[in-house]
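Undergrad: Show me how the following folds:
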Amino acid sequence: MAGYGGVTMASEAMRAQISSAIMAVIQIARLNDGRRKLVSLQEITGMEGDIITMQEIYRFTQTGIAPDGSVKGFFRATGVRPKFMDRIKSYGIAVPDETFDPSLIYE
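TA: Here you go, the predicted structure:
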């Protein structure tokens, strides 16, 4: 998108700027029932060469379709504690460690 704006910058430098400016990526998808739902929350962890690296924090798993046609499923943590939690705590927001427990299911 930066290229469309007339910015002439090497792609590696552009990726480095993006990876340092964005902490997380939220993926929303349109499901079979037509509703949009958050399906993945990922943290940008940095760069490996010229590739932006990410780690998934939460994911939505579809388990079926209800009789009314709505999508059934649940959210589950991947077990990865995001690196940006220290920054969130510095803002005075308390997030319990069990929030990232992969054995817990959020519906």
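Undergrad: Please identify the buried residues of the helix or strand containing Val39?
TA: Element membership for Val39, per DSSP states H and E: strand 36-48. Neighbour-count burial for strand 36-48, with 16 or more other Cβ atoms under 10 Å as criterion, is recorded at 39-45. The C-beta positions use only the backbone N, C-alpha and C, and glycine is treated the same way.
Undergrad: Switch the residues you listed over to a markdown table; also include pLDDT.
TA: Conversion of the buried residues of strand 36-48 to a markdown table gives the following (pLDDT from 0 to 100):
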| residue | pLDDT |
| --- | --- |
| Val39 | 97 |
| Ser40 | 97 |
| Leu41 | 96 |
| Gln42 | 97 |
| Glu43 | 96 |
| Ile44 | 94 |
| Thr45 | 92 |
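Undergrad: of these, closest to Thr61?
TA: Val39 (9.1 Å; Cβ to Cβ).
Undergrad: Skipping adjacent residues, who's closest to Ile51 in space?
TA: By the measure of Cβ to Cβ, 6 or more residues apart in numbering, the closest residue to Ile51 outside its immediate chain neighbours is Arg15, 7.7 Å from it.
Undergrad: The one you found is in contact with Glu48, isn't it?
TA: No - under the criterion of Cβ atoms under 8 Å, Arg15 makes no contact with Glu48, lying 10.7 Å away.
Undergrad: what touches both of these two?
TA: Residues touching both Arg15 and Glu48 (Cβ atoms under 8 Å, 6 or more residues apart in numbering): there are none.
Undergrad: Need the phi and psi values for the closest residue in space to Tyr106 that isn't next to it in sequence.
TA: Counting by Cβ to Cβ, 6+ apart, Tyr106 lies nearest to Phe75, which is 4.1 Å off, once chain neighbours are set aside. Listed backbone geometry of Phe75 is phi -100, psi 150, with angles given as degrees, to the nearest 10.
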